[in-house]
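Q: Any chance you can model this:
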Amino acid sequence: MQSEKCQADIRHASQSLESAVIWRPGTLGVLGRGCPLARGRMRVKELAGKTAFVTGAASGIGLGIATAFAQAGAKVMLCDIEEAALSAALKQLRLTNVDVDGVKADVSLKAELVAAAEATTARYGKVHILVNNAGVGGGGPYGTWTEASWNWTMGVNLMATIWGIEIFGPLIEQHGEGGHIVSTASIAGLISGESNAYNVSKYGVVALSEGLRRELAPRGIGVSVLCPGFIRTQIMNSRRNLPKRFEGAVRALPTSGPLAEQINMVRERVSQGIDPIYAGELVREGVEKDWPYIFTDLEFEPMIEARFAAIKQGFDHIRGRNPKR
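A: Numbers count the residues shown, from 1 in each chain. You can find the predicted model right below:
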């Protein structure tokens, strides 16, 4: 017979599984509104006077978010690996008399992210909002995988997000004024048409955000995940920032064949994409209104609905059966 301790361990494991996968009444889906903030700790209803730290902030969506936050009265620390682009972004923003500063960091290296956090608190004292936005479009489908491309892409897109939360979460908690965390995933974090590292990393960001929203609400921290469609950024030119430790180990992009055609199609869509400033305004609104998911357009809504219909069909296949216990 099982010991009482063993039975207790099984009950605990079962409860943990239920907590992980079952949404409670009053929630909206997995990352719903059924996550009240701790009593006395308000969400970030307005950005004026708050301090935000934004990665990948020298261009694209990151600069759009930094701009929207600064124009709303927030103090913003811009973080980026591109020093020249960072200086140019700061110069442009300061023309509007906003309170911004910058710090250079390769967010795929935890030590540099720690140093960036120290620079932020030294400059502004407190941090209320973390935006994990830095990202690269790396890796290819099955048959083209390399260890280096997986390490680079997962390091920037997922591990830097994890480390950012690990480092900045306690800084947000300690002042007791509430806060918010936004992590940039992608529409590819909800619908994946390829087995590449980019899509896998973005699915990870979505899963991380969904879990954190439940866990951090009692601590006075809201959590949102940004799932943009095609935005006018430099994502297709990510290799301009490939760290030296990966040089020569990441395969060059193909110049012919089906994969090259697909890359060129995506490149064209990105070049004609949504204005990053518009995306930044949506993120500002999402933080102020505590949106669980932040989307930029409706283009991929039917594909997401089709994915969930396919998942539902998987349950239908076994409906009426009695699992053996």
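
Q: which stretches of the stretch 51-200 of the chain form helices?
A: Taking DSSP state H, counting those that start in this stretch as the test, the helices found in the stretch 51-200 of the chain are 60-71, 83-94, 110-124, 147-154, 160-174, 197-216.

Q: and those helices, which one is worst for confidence?
A: Of all those, the minimum mean pLDDT falls on helix 147-154 (a mean of 94).

Q: Just give me how far that helix sits from the chain centre.
A: Relative to its chain's centre, helix 147-154 lies at 17 Å (Cα atoms, centre = their mean, to the nearest Å).

Q: tell me the contacts of Ile304?
A: Applying Cβ atoms under 8 Å, 6 or more residues apart in numbering to Ile304 gives the contacts Ile187, Leu190, Ile191. In short, each C-beta sits where N, CA and C put it, glycine included.

Q: Against Leu109, how distant is Lys244?
A: According to Cβ to Cβ, to the nearest Å, Lys244 stands 12 Å off from Leu109.

Q: Which of the two has more residues huddled nearby?
A: Comparing Lys244 with Leu109 by other Cβ atoms under 10 Å, the one with more neighbours is Leu109, at 17 against 6.

Q: Can you tell me how far that one is from Gly155?
A: From Leu109 across to Gly155, the span is 8 Å (Cβ to Cβ).

Q: same deal with Asn241?
A: Distance, Asn241 to Gly155, by Cβ to Cβ: 12 Å.

Q: ditto for Ser271
A: According to Cβ to Cβ, Ser271 and Gly155 sit 26 Å apart.

Q: And these two? Which one has more around it.
A: Legend: neighbour count by other Cβ under 10 Å for Ser271 and Gly155, higher for Gly155 (22 against 11).

Q: Contact partners for that one?
A: Gly155 makes contact with Ser108, according to Cβ under 8 Å, 6+ apart.

Q: Tell me the pLDDT of it.
A: We have a pLDDT of 96 for Gly155.

Q: Leu31 too?
A: 52.

Q: One more: Ile10?
A: 39.

Q: Make 602 the starting number, not 1.
A: New numbering, starting at 602: the last item is Ile611.

Q: does Trp892 count as helix, strand or coil?
A: What DSSP: H, G, I helix; E, B strand; the rest coil gives for Trp892 is coil.

Q: in which helix or strand would I find the closest residue to it other than its chain neighbours?
A: Closest residue in space to Trp892, ignoring its immediate chain neighbours: Ser825 at 5.5 Å, by Cβ to Cβ, 6 or more residues apart in numbering. In this structure, Ser825 sits in strand 822-828 according to DSSP states H and E.

Q: what's in contact with the helix or strand following that strand?
A: Proceeding N to C from strand 822-828, the next assigned helix or strand is helix 859-872, under DSSP H and E. Here helix 859-872 makes contact (Cβ under 8 Å, 6+ apart) with Gly741, Pro742, Thr745, Phe831, Ile832, Arg833, Thr834, Ile836, Met837, Leu854, Pro855.

Q: at 10 Å what do you get?
A: Helix 859-872 has contacts (Cβ atoms under 10 Å, 6 or more residues apart in numbering) with 661, 738, 741-742, 744-745, 794-795, 830-838, 854-856, 858, 900.

Q: Distance from the chain centre to that helix, please.
A: Relative to the centre of its chain, helix 859-872 is centred 23 Å away, using Cα atoms, centre = their mean.

Q: how many degrees apart are the helix or strand that comes right after it and helix 661-672 in direction?
A: Going down the chain from helix 859-872, the next helix or strand is helix 877-889, by DSSP H and E. If you take axes from the mean of the first three to the mean of the last three Cα atoms, to 10 degrees, helix 877-889 sits at 60 degrees to helix 661-672.

Q: name the helices or strands packed onto helix 877-889?
A: strand 652-656, helix 661-672, strand 730-733, strand 780-785, strand 822-828, strand 894-896 (3 or more Cβ pairs under 10 Å, 6 or more residues apart in numbering; DSSP states H and E).
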